[in-house]
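1. Fold the following, please.
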Amino acid sequence: MGFVFSPAAFNLLLQELKKDFKVYAPVLLKGKGRFSDTDTVGYGEINKIEDVVFDSKSYFSPKETFYPINQTLFYFTEDEYREPKIDPKGIVVFLRSCDIHAVQRLDKIMLENGPAPDYYYKQLRDKLKFILMDCPHSFDSCFCVSMGTNRTDNYSASVRPENGSYLCHVQEDINGLFASFGQPQEVTPLYVTENKITVNVPANLDLSAIIDHPIWQEYGRRCVSCGRCNTSCPTCSCFTMQDIFYQDNPKCGERRRVWASCQIDGFTDMAGGHSFRREQSQRMRFKVLHKVYDFKERFGIHMCVGCGRCDDVCPEYISFSRCVNKLAEAVQEVK
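-> Numbering: from 1, shown residues only. I've put the predicted structure just below:
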């Protein structure tokens, strides 16, 4: 089922949709780029379809729309605790195929990785609906084809701008709005078929043979432990807990869950001054192997979805795709 919309018609759809849903999409963030007087693209609520940035990749992933950077889990006093109120509205997110696959990876960690699903994640995840943003072409750092994440059918509707209109393929007509405001037309989503970058993920990896390989020292010398690769990644899920006590009443406060990073100092610190991964080379090794080995051993799919955001944001220009290819070369060397 497909529909074509004029910009005015799509905006009418959005206004109706926003009565029951918060609607997020990649938007231009003026003046918030990496350098002074530069812009970037990140996720924010939209009011009209013209707000959506279709021709650039977002530097930050959509996970913050349903897995907040900073989330209050409960408020507490001396005698009791209380959960915060949840916005009754659903969540609609415009995102690309690789990011939809990334949500599947987060689901594995937060919903299937233990005896019970993560209660707070599930609250927001159950409200989530996807609008797929077509990818007619690849961006420079993408390698989604190599990771098998360039196509998906897990969406309510797809959308792309074309000749001044918006074409939508609809699998679930949310509240019947697409049929109400669109004109029927045959529409097929467009997917990336090739990337400039090809990544060869090593198969049958022998950890003991590459655990002390020089490639880890090479990247360890370059990494500055800023954690940008983790915060921009759509599949990283690590967090820390913070208990906040109020100044006006130190016996009351709140517990917050805050994103964390396996690349920053202190992440693996323990009581007694112990640390599992004190050296940056050890942290790089952990991250790379988690993305292309450990996760697949446990869940059957690679954690990395090939979005290339870590390459885009690294201040030291460390390329994760190149790192994986070097790992593949190292595996061949030690055979």
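2. Might you quantify the distance of stretch 302-315 from its chain's geometric centre?
-> Centroid separation for stretch 302-315 versus its chain: 10 Å, with C-alpha atoms, centre = their mean, to the nearest Å.
3. List the buried residues for it?
-> Neighbour counts over stretch 302-315 (16 or more other C-beta atoms under 10 Å) mark 302-314 as buried. For the C-beta atoms, the positions are set from N, CA and C on the backbone; glycine is no exception.
4. Rebuild these as JSON lines, extending it with secondary structure.
-> Below are the buried residues of stretch 302-315 laid out as JSON lines (DSSP: H, G, I helix; E, B strand; the rest coil):
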{"residue": "302", "secondary structure": "coil"}
{"residue": "303", "secondary structure": "coil"}
{"residue": "304", "secondary structure": "coil"}
{"residue": "305", "secondary structure": "coil"}
{"residue": "306", "secondary structure": "coil"}
{"residue": "307", "secondary structure": "coil"}
{"residue": "308", "secondary structure": "coil"}
{"residue": "309", "secondary structure": "helix"}
{"residue": "310", "secondary structure": "helix"}
{"residue": "311", "secondary structure": "helix"}
{"residue": "312", "secondary structure": "helix"}
{"residue": "313", "secondary structure": "helix"}
{"residue": "314", "secondary structure": "coil"}
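5. What are the neighbouring residues in contact with residue 1?
-> Applying C-beta atoms under 8 Å, 6 or more residues apart in numbering to residue 1 gives the contacts 169, 170, 171, 173, 184.
6. What distance do you get for it to residue 70?
-> Between residue 1 and residue 70 the computed distance is 39 Å (C-beta to C-beta, to the nearest Å).
7. How is this protein partitioned into domains?
-> 2-70+87-184, 207-334 (automatic domain parsing).
8. Make JSON lines out of those domains and add distance to residue 80 and mean pLDDT.
-> Converted to JSON lines, these look like this (distance: least, C-beta to C-beta, whole Å; pLDDT from 0 to 100):
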{"stretch": "domain 2-70+87-184", "distance to residue 80": "18", "mean pLDDT": "96"}
{"stretch": "domain 207-334", "distance to residue 80": "10", "mean pLDDT": "93"}
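9. Of those, which is nearest residue 79?
-> Among the domains of the chain, the nearest to residue 79 by C-beta to C-beta is domain 207-334 (9.5 Å).
10. Okay, and the closest residue to residue 182 other than its chain neighbours sits in which element?
-> Using C-beta to C-beta, 6 or more residues apart in numbering and skipping residues adjacent in sequence, the residue nearest residue 182 is residue 3, 2.9 Å away. Taking DSSP states H and E as the definition, residue 3 sits inside strand 2-5.
11. That strand pairs with which strands, parallel or anti?
-> Take DSSP bridges as the rule and strand 2-5 pairs in its sheet with strand 165-170 (antiparallel), strand 183-184 (antiparallel).
12. Pick the most deeply packed of these.
-> Each of the strands paired with strand 2-5 was scored by mean neighbour count; the highest is strand 165-170, a mean of 22, by mean count of other C-beta atoms under 10 Å.
13. Geometric centre of this protein: which residue is closest?
-> residue 234 (1.8 Å; C-alpha atoms, centre = their mean).
14. CSV for the buried residues of stretch 302-315, including distance to residue 125?
-> Below are the buried residues of stretch 302-315 laid out as CSV (distance: C-beta to C-beta, whole Å):
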residue, distance to residue 125
302, 21
303, 18
304, 21
305, 17
306, 22
307, 19
308, 25
309, 21
310, 23
311, 28
312, 26
313, 25
314, 29
